[in-house]
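Participant: test case, fold it:
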Amino acid sequence: MMRSMYAGVSGLRTHQLRMDVIGNNIANVNTVGYKKSRAIFKDAFYQAIRGGSAPTGARGGTNPQAIGLGVQLSSVDVIATPGSAQTTGKNTDLAIDGNGYFILESGGERYYTRAGAFDFDVLGNYVASGGLHVMGYMPSKDDSGNWITDSSGKRKIDITTGLVPIDISALQSTEPKATTLIRFSGNFDSTLEPEYVWDETSSSFVDNPDGADSKITSKEFYDTLGNKRVQYFKFEKVMERDNVDIGNGETMNGSIWRVRASSDPDCPNPTASDSKSEDYYLFFDEKGKLIRAKHDNGTTGASSSDWQEPDVTAMTFAATDDPSSQSITIHYVNNGVPTQQPITLNFSYLTQYNATFTGWAEYQDGYTKGDLRSITIDQNGVILGVYSNGITDNLARVALAVFQNPAGLLAKGGNLFQVSNNSGDPKVGAPGEEAMGAILPGSLEMSNVDLSEEFTDMIVTQRGFQANSRIITTSDEMLQELVNLKR
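Facilitator: Model prediction:
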């Protein structure tokens, strides 16, 4: 009789604990990144009444008999399933589409969380709501102190380096970049009259009275100090002929166009005393494809030392003929700057068809100094800075960690977890790599608490508590009946 009472007491106690867990889940139904818990029960000790016996020739075997002593709490498990993402519109908020955890650090102590309510403080530190530093990777510099860049020209972020607190205070501005490439695209109208035509009488090319149609375009570019310069390009169809010697023992049938690069908007003819202009030639075949770009060595202009106006842009003509490509490298000289600035003119996207003339310089890769204006974060966790000069560059990359047993993490409150003996060591990496999960910028992960499930559990728990209380009252009534036998 006493066993049943204490079994009931254990039932009350464990159901109260379960109710505590349910209450905490419901209380955190709107807590960002919260992971719900569940209480698991197990039966308590058993008091053996009779042992089992093996079958004999005369009798069969009997099972052991024992009476349980109630229930006890087996575990409180953390359900680490991801919650739904909630769009916040705040670009520094992050959610994880996967199993990773953000890595935070405070005073050398490391924490992990799914709550990505982050922001930048006044010093440029990327911090969580409690001020903990968000850990990640920063761009690298070479031995000369210059940023190492990747294939896209952005600052390179090497994730093989150690984790550091994300701090963009040194990236509030970007240095100017001198233009090294100007790329052309569009179409040259094949119906335009050439400058020269073949004269059957003299068996030579003569001036075409209907020719010399020309088109002029311009392109802004930047010198080594970030000053904006303007370069003009004049395109003229020179002639159409067969067996044109394009150098290196090669000949072709097609058209020849002249490209005049000049710092003067009128694109004057290059002369020995004026280094404003220089001519190059483009060779198109019969199918309208650009075959070769060549420098006109025969009309090389004066050297930059002849330039007498220090405030005006000058061009030198040390162009390099590169037969392996459809580009030409010219060397820009800004007086007062000792080093020439090589600029590659890439014509490979040009065509010559019977269509409107649309040739233009569509792209150059230089820019002036810029100040950081805004920040975006992509799904790979790369924090990108948008500068006032229109350049977007890498600032940092958020790191994530995954665990062999995330349910084994030790909850520390404040949406924080720490490594425990049963969680396993963190495997650290970058979002989008090695099953770390992808970043959902401008979003937060909601609590994974399901209210309908919690309410159901609450009802079941309440009924379980009531049933256990009945064990005590019924046992008490039975004891009362027993006591009454004495009267």
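
Participant: wait, Asn24 sits on Lys35?
Facilitator: No - when contacts are counted by Cβ atoms under 8 Å, Asn24 is not listed as touching Lys35 (11.2 Å). For every residue, glycine as well, the C-beta is placed using N, CA and C.

Participant: more neighbours: which of these two?
Facilitator: Lys35 (25 against 16; other Cβ atoms under 10 Å).

Participant: wait, the more buried one sits on Asp77?
Facilitator: No - Lys35 lies out of contact with Asp77 (Cβ under 8 Å); the separation is 9.9 Å.

Participant: who are the packing partners of the longest helix out of those in the chain?
Facilitator: The single longest helix within the chain, with elements called by DSSP state H, is helix 451-484. Using 3 or more Cβ pairs under 8 Å, 6 or more residues apart in numbering; DSSP states H and E, the elements in contact with helix 451-484 are helix 2-27.

Participant: for the helix it packs on, packing partners?
Facilitator: strand 37-43, strand 71-78, helix 451-484.

Participant: domain parsing for this structure?
Facilitator: The record's domain parsing of the chain by the TED database lists 1-49+66-80+448-482, 86-171+402-446, 181-364.

Participant: so which of the ones you listed is nearest Leu372?
Facilitator: When the domains of the chain are compared by Cβ to Cβ, domain 86-171+402-446 sits nearest Leu372, at 6.8 Å.

Participant: report the rounded mean pLDDT for the closest one.
Facilitator: Mean per-residue pLDDT for domain 86-171+402-446: 92.

Participant: how far does it sit from its chain's centre?
Facilitator: The chain centroid and the centroid of domain 86-171+402-446 are separated by 13 Å under Cα atoms, centre = their mean, to the nearest Å.

Participant: how long is it end to end?
Facilitator: Its start and end residues considered, domain 86-171+402-446 measures 6 Å (Cα to Cα, to the nearest Å).

Participant: go on, stretch 402-413?
Facilitator: End-to-end distance for stretch 402-413, by Cα to Cα: 19 Å.

Participant: still on that earlier bit, buried residues in the longest helix of the chain?
Facilitator: Residues 454, 457-458, 461, 464-465, 468, 471-472, 475 are the ones in helix 451-484 that count as buried (16 or more other Cβ atoms under 10 Å).

Participant: relative to strand 71-78, how tilted is that helix?
Facilitator: With axes from the mean of the first three to the mean of the last three Cα atoms, to 10 degrees applied, the angle from helix 451-484 to strand 71-78 works out at 170 degrees.

Participant: next structured bit after the longest strand seen in the chain?
Facilitator: The single longest strand within the chain, with elements called by DSSP state E, is strand 228-247. Of the helices and strands lying after strand 228-247 in sequence (DSSP states H and E), the nearest is strand 250-262.

Participant: got the CA coordinates for that following strand in CSV?
Facilitator: The C-alpha trace of strand 250-262 is given here as CSV (Å, rounded to 0.1, in the frame of the first residue of the first chain):
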residue,chain,number,x,y,z
GLU,A,250,49.1,35.2,-92.1
THR,A,251,46.7,36.6,-94.7
MET,A,252,42.9,37.0,-94.7
ASN,A,253,40.0,38.3,-96.7
GLY,A,254,37.8,40.9,-95.0
SER,A,255,37.7,44.4,-93.7
ILE,A,256,40.1,46.6,-91.9
TRP,A,257,39.0,49.2,-89.4
ARG,A,258,41.1,51.9,-87.8
VAL,A,259,40.8,52.7,-84.1
ARG,A,260,42.2,56.0,-83.0
ALA,A,261,42.7,56.4,-79.3
SER,A,262,43.1,60.0,-78.2
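
Participant: give me the buried positions along it.
Facilitator: 252, 254-262.

Participant: now swap in stretch 153-167 and tell me
Facilitator: 154-155, 157, 163, 165-167.
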